[in-house]
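1. take a look and give me a structure for this.
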Amino acid sequence: MNIHSLQYYYNFLIVKFQKKTHHLYFCIALLYKQLPLVEKEFALKKVFVLAGEASGDLHGAGVINELKKTHPNVHFFGVGGTLLKEAGVACIYQASEISFMGFTEIARHFLFLRRVLRELKRAIKTERPDVALLIDYPGMNLILAKYLKSLGIPVVWYIAPQVWAWKESRVKKMKKSISKLCVVFDFEVGFFKERGLDAAFVGHPIIEELNHSGTAEVNSSLQAFNPEKDQRIIGLLPGSRKQEVDRLLPEMLKAAEILAKEGDYKFLLGLAPTLDPSYYAKFLKSTALPIVQTTAYRVMLQSHLSWITSGTATLEALCFGTPMIVVYKTSPLNYFIGKRLVKIKNIALANIVSQGLNSPKRTVPELLQHEVSGAALAANSREMLQRPEYLREMQAQLLNSRAKLGSRSPSKEVAAYLIKHL
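-> Model (predicted):
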């Protein structure tokens, strides 16, 4: 029995003592002689949670906070970041400790990740949670889902692995171990149901977050934009991981320097909450340009055009109607392997949502791997900014696609599926 269980029984006794004294003696006797029976009757409900990335930490915290509104005494434990910890999750590991991207990074940290898995399995076996909430992060979560299933613990998976893009072989593992799959794109329901999974569209958490933050307004900086007279505002969003910033921010700064010599530009840098602001300093000291540092949402709201690393940020920009160029660059080995595994035509989520899963059409341009350079970014941006009607058309397509992300509250819906097992 752990400290959380003891606290629960203690609170139970106090309540009984306040009502009738003889209940206290009865409970003490029961705890002393028949503790297993008491545990069964008054057991503390437990939920295992694992979010291995910053976005999962954010989305998971929303679910936990919703669940606690009706079930305040549930004990949560597992892996998360600052937000899940603030929501009440006892974190065995921090999400930042296990957030590795790409084949080479994972291989380099294999022994550490194996130790993490061993310790998490030990904690699960000891605590015996009533249900598990696994959020995205398929590499580790698929292994734990199988283990949880072997112990008879139901698994609610929030934000499905993008097996429609690559590694469809994972579907078989998912089918064997996931009790409920909560998907965030409407096209995913049919994909997974056809393959035998119990999938439900809960809406995309981005819509929920924008509504909560009060920044659901759309980008209006294009309405009276005159490229011949007005200052052009360009946003730089190099990602939320150090590896992404290392590879992409230098090229973005080179592009900024090229454009700054040609006209009146202002550059905004969106800082990731997962990185210390000081991490950007070593890159910014290499340029004399006055780069304004701010939040990602402010960048999307104010810029005429943004350079955005492929990922969830492209969906956020879609919701704001922010014209963008999507960039992606990884190690040569990761790219070599990934290119042979990925089945879809586009990698930017903004294009997949706006044009469809298998469509070769693009709403926003994509620059990948060797295409990503300061010169290429500058050339593409120059051409786009000289065509304001093209930017407005792009903005309209993005905003029209926002409805495909749903209008419901994913946190409430996922919490409801968890509650069924408590």
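2. what's the following helix or strand after the helix or strand Val116 falls within?
-> For Val116, the host element (DSSP states H and E) is helix 110-127. Moving toward the C-terminus from helix 110-127, the first helix or strand encountered (DSSP H and E) is strand 131-135.
3. give me the buried positions along that next one.
-> Of all the residues in strand 131-135, those buried under the rule 16 or more other Cβ atoms under 10 Å are Val131, Ala132, Leu133, Leu134, Ile135. In this view, the C-beta of every residue, glycine as well, is placed from N, C-alpha and C.
4. could you find the closest non-adjacent residue to the first one?
-> It stands for Val131. Among residues not flanking Val131 along the chain, His421 sits closest, at 3.8 Å (Cβ to Cβ, 6 or more residues apart in numbering).
5. number of nearby residues for that neighbour?
-> Each residue near His421 was counted by other Cβ atoms under 10 Å, and the total is 17.
6. just checking, it touches Pro129?
-> No. Checked against Cβ atoms under 8 Å, the pair His421 and Pro129 is beyond contact range at 9.3 Å.
7. show me what contacts the residue positioned nearest the centre of the chain?
-> The structure's the chain has its C-alpha centroid closest to Ser55; by Cα atoms, centre = their mean the separation is 2.5 Å. Residues counted as contacts of Ser55 (Cβ atoms under 8 Å, 6 or more residues apart in numbering) are Asp136, Ser240, Thr312.
8. ok, then the element right after the helix or strand encompassing Arg392?
-> Secondary structure assignment for Arg392, by DSSP H and E: helix 388-401. Using DSSP H and E, the helix or strand that follows helix 388-401 in sequence is helix 410-419.
9. off-centre distance for that next one?
-> Its chain's average C-alpha position is 17 Å from that of helix 410-419, according to Cα atoms, centre = their mean, to the nearest Å.
10. list the contacts of it.
-> Contact with helix 410-419 is made by 47, 59, 62-67, 70-71, 131, 133, 156, 158, 180, 182, 184, 200, 202-205, 208, as judged by Cβ under 8 Å, 6+ apart.
11. so which of those residues belong to strands?
-> If you go by DSSP state E, the contacts of helix 410-419 have Val47, Val131, Leu133, Val156, Tyr158, Lys180, Cys182, Ala200 in strands.
12. against Leu120, how distant is the second one?
-> Yep, that's Val131 we're talking about. Remark: distance between Val131 and Leu120 (Cβ to Cβ, to the nearest Å) = 16 Å.
13. and of the buried residues of strand 131-135, the nearest to Val89?
-> When those are compared for distance to Val89, the smallest value, 9.7 Å, is given by Leu133; criterion: Cβ to Cβ.
14. what about that closest one, distance to Ile347?
-> Applying Cβ to Cβ, the value for Leu133 to Ile347 is 28 Å.
15. picking that back up, could I get the buried residues of strand 131-135 as a markdown table with distance to Pro250?
-> Conversion of the buried residues of strand 131-135 to a markdown table gives the following (distance: Cβ to Cβ, whole Å):
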| residue | distance to Pro250 |
| --- | --- |
| Val131 | 45 |
| Ala132 | 40 |
| Leu133 | 38 |
| Leu134 | 35 |
| Ile135 | 31 |
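16. nearest to Thr322, of those residues?
-> Of all the buried residues of strand 131-135, Thr322 sits closest to Ile135, with 26.0 Å by Cβ to Cβ.
17. quick check, that closest one in contact with Ala54.
-> No. Between Ile135 and Ala54 there is no contact under Cβ under 8 Å: 11.2 Å.
18. where do the helices sit along the stretch 101-250 of the chain?
-> Assignment of helices within the stretch 101-250 of the chain using DSSP state H, counting those that start in this stretch yields the ranges 103-108, 110-127, 138-150, 170-177, 186-193, 205-213, 242-260.
19. quick one: closest of those to Phe77.
-> In this view, the helices of the stretch 101-250 of the chain are compared for proximity to Phe77 by Cβ to Cβ, and helix 110-127 is the closest at 6.3 Å.
20. can you name the residues in contact with that closest one?
-> Residues outside helix 110-127 that contact it (Cβ under 8 Å, 6+ apart): 2, 46, 48, 50, 75, 77-79, 92-93, 97-98, 100, 106, 132, 140, 143-144, 147-148, 151, 153.
21. now the angle from it to strand 131-135?
-> For helix 110-127 against strand 131-135, the angle between stretch directions is 150 degrees (axes from the mean of the first three to the mean of the last three Cα atoms, to 10 degrees).
22. can you give me the offset of stretch 373-388 from its chain's centre?
-> For stretch 373-388, the separation from the chain centroid amounts to 29 Å (computed by Cα atoms, centre = their mean).
23. separation between the nearest residue to Val342 once chain neighbours are set aside and Glu371?
-> Nearest-residue entry for Val342: Trp166, 4.6 Å, with adjacent residues in sequence omitted and distances by Cβ to Cβ, 6+ apart. Distance, Trp166 to Glu371, using Cβ to Cβ: 20 Å.
24. repeat that for Val327.
-> When Val327 is compared with Glu371 (using Cβ to Cβ), they lie 8 Å apart.
25. with Leu236 instead?
-> Plainly put, Leu236 is 17 Å away from Glu371 if you go by Cβ to Cβ.
26. what about these two, which has more around it?
-> Just comparing Leu236 and Glu371: by other Cβ under 10 Å the higher neighbour count belongs to Leu236, 25 against 14.
27. thought that one was touching Glu251?
-> No. Using Cβ under 8 Å, Leu236 is not in contact with Glu251; the gap is 10.1 Å.
28. sorry, back to before: mind giving me the ChimeraX command for buried ones among the ones in strands among the contacts of helix 410-419?
-> Here is the ChimeraX command that picks out the buried ones among the ones in strands among the contacts of helix 410-419, judged by 16+ other Cβ under 10 Å:
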select :47,131,133,156,158,180,182
